[in-house]
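Asker: just a sequence and a predicted model for now, questions to come.
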Amino acid sequence: MDFDLMITSFPKLLGATVVTLKLLSASLFFGLFLGLFFAILRLNKNIFINKFAYGYSYIFRGTPLLVQIFIIYFGLGQIEYLRTTFLWVILKEPYWCAIIAFTLNTGAYTSEILRSAFQTIKPGIIEAGKSLGISNKIIFYKIQIPIAIRQSLPAYGNEIILMMKGTSLASTVTLMDLTGVAKYIISTTFKPIEVFIVAGGIYLFMTFIIHNVIKYLEKKYSFQQ
Amino acid sequence: MELLAFGKTGWGDELFYATLMTVAVSVTAMLVGFLFALIFTPLKLSKYKTLNLVGNFYTTVIRGVPELLVIYLFFFGGSGAIMYVASIFGYYEYIEINAFITGSMAIGIISGAYSTEVFRGAIQSIDKGQFEAAKVLGINKFGQFYKIILPQMLRLAIPNLSNVWQITLKDTSLISVTGLVEIMRQSYIAAGSTRDPLFFYSFAAVLYLLLTYVSMKLINKLEVKYSRGY
């Protein structure tokens, strides 16, 4: 055991954790809206809209995240037309490519989580809202969405943790996130176990915090108070 | 379509073999995972606190750390660890482990953590009376597990195991970083030499979708088979 290496690599890895957290928070933020949007499309009665939303979630859940990042980072740059538009400013940066890929991926999972949450809301609750003369729009925003968010908290907590692990793939498109820096230190020092303990420890610590925050929120917003 | 031709001119046969490799790694990893689950599920369900701790440590660490980091640990540390063990037995030559073994071990350990959780959940949801009835009938421990608990457990575990299979199948794409030629690696090579990454990575995505679709259909059949009594 090389404890000196563990101590000297800790600040470097901690610095890289910032990149990981930035990627995670940005993709979760955009992914939540995307997921909500597609969950609403899934509940639409129009079969084409419905199938379109299902196709989106099926494709992004059925393929590895690595393929998605590679298509966006390596693949989209190949289209000549894209290079001339303003989109190229975003798509040439690996940072934004990673965020786009993560957003699309987490959006697909989030849409499934939210859809099942919407479907478990008892019809009686909506009927109660209607009989009180509340408009459909308000029922949706003030009754259905809050209940759905509460219902989906446990599953969404898992999704956050999965996404946190997913951000490690940013290292494959040259970003120096926690895994990227860990790999760099391993390949220069050939001490995989020491670096794994430190980097894995940081990841576990983040998992622990996310897990407990979700648990706290679940308790706070539980129906039985 | 020329790019996908079989033979020397196209990448069709290469991608076909790469798909077989992905399936082979996934199946091996899944079996390795079952082996780990077989060891760690009893530990997690044990009466003894220390054994529980060991079981929980395994599932928590593996499920909380990115798959890529575990793969790097095996890739860079695998042959070192084997050589260290060999040196105890007096063998000092350089040992290189095959990328297939490294990859399926790494993915297997990850998949094992998920399988352990699935089996634990399935066993815990079997009615206690089943265990007691088996005991009362004087069936030995092996028969209790094999003839009574296992068949009931499988029915409950199959839907969740199918999720584990999907996760495992998708995780194998990460082994491409170690150089094993599976779908992802082959697409990377093809994309590099034809300068057509969009086509090859999209085709890789289609191959993965095909694999997940076919396996879902097969698993659904299994599910029907194991729940025929209900």
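Answerer: Now that the structure is in, tell me what you want to look at. Numbers count the residues shown, from 1 in each chain, chains lettered A, B, ... in the order given.
Asker: does the residue lying closest to A:Ala98 once chain neighbours are set aside belong to a helix, a strand or coil?
Answerer: Counting by Cβ to Cβ, 6 or more residues apart in numbering or on different chains, A:Ala170 is the residue found nearest to A:Ala98 once chain neighbours are left out, at 4.3 Å. C-beta here means a position set from N, CA and C on the backbone, and glycine is covered the same way. Secondary structure assignment for A:Ala170 (DSSP: H, G, I helix; E, B strand; the rest coil): helix.
Asker: next, work out how far apart A:Ala170 and B:Arg185 are.
Answerer: 19 Å (Cβ to Cβ, to the nearest Å).
Asker: which one of those two has more residues nearby?
Answerer: A:Ala170 (29 against 21; other Cβ atoms under 10 Å in any protein chain shown).
Asker: can you tell me the centre-most residue of chain B?
Answerer: Taking Cα atoms, centre = their mean, the centroid of chain B lies closest to B:Met30, which sits 3.0 Å from it.
Asker: so that residue sits right up against B:Ile110, yeah?
Answerer: No: contact criterion Cβ atoms under 8 Å: B:Met30 and B:Ile110 do not qualify, at 10.8 Å.
Asker: anything in contact with each of these two?
Answerer: Shared contacts of B:Met30 and B:Ile110, defined by Cβ atoms under 8 Å, 6 or more residues apart in numbering or on different chains, comprise B:Thr168.
Asker: residues from chain B in reach of chain A?
Answerer: B:60-61, B:63-69, B:72-73, B:76-77, B:80, B:166, B:170-171, B:173-174, B:176-177, B:184, B:187-188, B:191, B:195-198, B:201-202, B:204-205, B:208-209, B:212-213 (Cβ under 8 Å from any Cβ of the partner chain).
Asker: just the buried residues of these.
Answerer: B:61, B:63-69, B:72-73, B:76-77, B:166, B:170-171, B:173-174, B:176-177, B:184, B:187-188, B:191, B:196-198, B:201-202, B:204-205, B:208-209, B:212 (16 or more other Cβ atoms under 10 Å in any protein chain shown).
Asker: among those, which are located in helices?
Answerer: B:61, B:63-64, B:67-69, B:72-73, B:76-77, B:166, B:170-171, B:184, B:187-188, B:191, B:197-198, B:201-202, B:204-205, B:208-209, B:212 (DSSP state H).
Asker: looking at chain B, which helix or strand is least sure?
Answerer: helix B:141-143 (a mean of 82; mean pLDDT, DSSP states H and E).
Asker: sorry, wrong one. I was asking about chain A.
Answerer: Lowest-scoring helix/strand for chain A, mean pLDDT, DSSP H and E: helix A:80-84, at a mean of 77.
Asker: who's in contact with that helix?
Answerer: A:76-77, A:88, A:91.
Asker: out of these, the closest to A:Val213 would be?
Answerer: Nearest to A:Val213 out of the contacts of helix A:80-84 is A:Leu91 (Cβ to Cβ; 33.1 Å).
Asker: what ranges do the helices span in chain A?
Answerer: Going by DSSP H, chain A shows helices at A:3-43, A:47-62, A:65-70, A:80-84, A:87-91, A:94-120, A:123-131, A:136-138, A:145-166, A:178-189, A:192-220.
Asker: how far out from the middle of the chain is the fourth one?
Answerer: Taking Cα atoms, centre = their mean, to the nearest Å, one finds the center of helix A:80-84 at 28 Å from the center of the full chain.
Asker: just the first one next, same as before
Answerer: Averaging C-alpha coordinates over helix A:3-43 and over its chain gives two centres that are 8 Å apart (Cα atoms, centre = their mean).
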